[in-house]
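**Student:** Just need the structure, nothing else, for what follows:
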Amino acid sequence: MAKDKGPLAYTMRNVRVFKLNQFGGIFRSIMVHDIEEIQINNFQLQLQLTEVEGLYQSEVKVDVFKEGKLLKEEILILDGTTFLYSLENNDEGGTVAGFYNNLLISCGDSLLCYSVPDLGLQWGFKPGPFDLFEFYWLEGDILIRGESSVFRVNKSGEEVWSFTGNDIFVNNNGENEVQIFDSYILLTDADSKEYKIDFNGNAL
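**Tutor:** Numbering: from 1, shown residues only. Okay, the predicted model is just below:
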């Protein structure tokens with residue numbers, strides 16, 4: 001059985017790291033992230049992510065409040081890893097957002113939609129084995145930056161189109177991989193090659 005060795009370590013950005021002795025003396029780090037808060041209509045949600053080193057799995061504790069009263073508490077066990085940050089504007093994207101009475105979470109290779117306040121799974125979008133990163137709003141739909149492709153998905157979780165470049169959409173030179181303008185989208189891949197596409201996913 002796992003034995004908690006206590007907070008032996010440090011704080012890294014907004015992540016507290018602990019050491020856990022488990023499974024025959026194997027040490028793994030447990031990363032407990034700060035709480036992310038999001039407002040969805042009249043509901044206030046608090047989400048806290050916990051990850052275990054070496055496991056491709058995330059635990060997200062979700063508390064749903066209304067007028068200060070706790071209505072629902074749920075722990076979501078999700079495949080893959082993520083870093084929770086709210087979609088506050090389309091300049092940076094996000095991994096958590098709300099629409100109507102729904103909660104969106106991007107984690108691993110999936111975008112998941114949960115009803116609020118009961119946190120029932122409404123749909124999941126999983127296009128393939130590659131990771132999905134943050135998402136953006138696009139004309140009432142959702143634009144997702146994946147590792148190998150960019151996807152436009154409607155709010156029912158149905159794919160509208162996808163676009164694939166010559167390399168992955170992970171840029172290490174500090175350039176934004178996704179920029180949404182009034183009439184087009186500018187994508188930048190790992191080699192800093194740019195792709196200009198319209199809102200229908202067609203190259204311009």
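**Student:** what's the burial count for Cys113?
**Tutor:** Using other C-beta atoms under 10 Å, Cys113 is surrounded by 20 other residues. (Each C-beta comes from the backbone N, C-alpha and C, glycine too.)
**Student:** what about it, distance to Glu88?
**Tutor:** Applying C-beta to C-beta, to the nearest Å, the value for Cys113 to Glu88 is 19 Å.
**Student:** Hmm, Pro117 is touching Lys69, no?
**Tutor:** No - between Pro117 and Lys69 there is no contact under C-beta atoms under 8 Å: 10.7 Å.
**Student:** Counting neighbours, go ahead and name the busier of those two.
**Tutor:** Pro117 (20 against 7).
**Student:** What residues does that one make contact with?
**Tutor:** Neighbour list for Pro117: 43, 64, 66, 71-72, 101 [criterion: C-beta atoms under 8 Å, 6 or more residues apart in numbering].
**Student:** How about Thr50: what's its closest non-neighbour residue?
**Tutor:** Distances taken as C-beta to C-beta, 6 or more residues apart in numbering place Glu59 nearest to Thr50, at 4.5 Å, with adjacent residues excluded.
**Student:** Let's see if you can find the most crowded of the contacts of Pro117.
**Tutor:** Within the contacts of Pro117, neighbour counts (other C-beta under 10 Å) peak at Val64, which reaches 21 neighbours.
**Student:** Let's verify that residue: helix, strand, or coil?
**Tutor:** Following DSSP: H, G, I helix; E, B strand; the rest coil, Val64 is assigned to strand.
**Student:** For it, list each beta-bridge partner.
**Tutor:** Beta-bridge partners recorded for Val64 (DSSP bridges): Leu45, Lys72.
**Student:** got it, and Lys196?
**Tutor:** Counting by DSSP bridges, Lys196 forms beta bridges with Leu186.
**Student:** Could you list the low-confidence segments of this protein?
**Tutor:** 1-26 (pLDDT under 70).
**Student:** can you rerun that using 90?
**Tutor:** Scanning the chain for pLDDT under 90 picks out the ranges 1-33, 51-57, 80-83, 88-92, 128-130, 148, 170-176.
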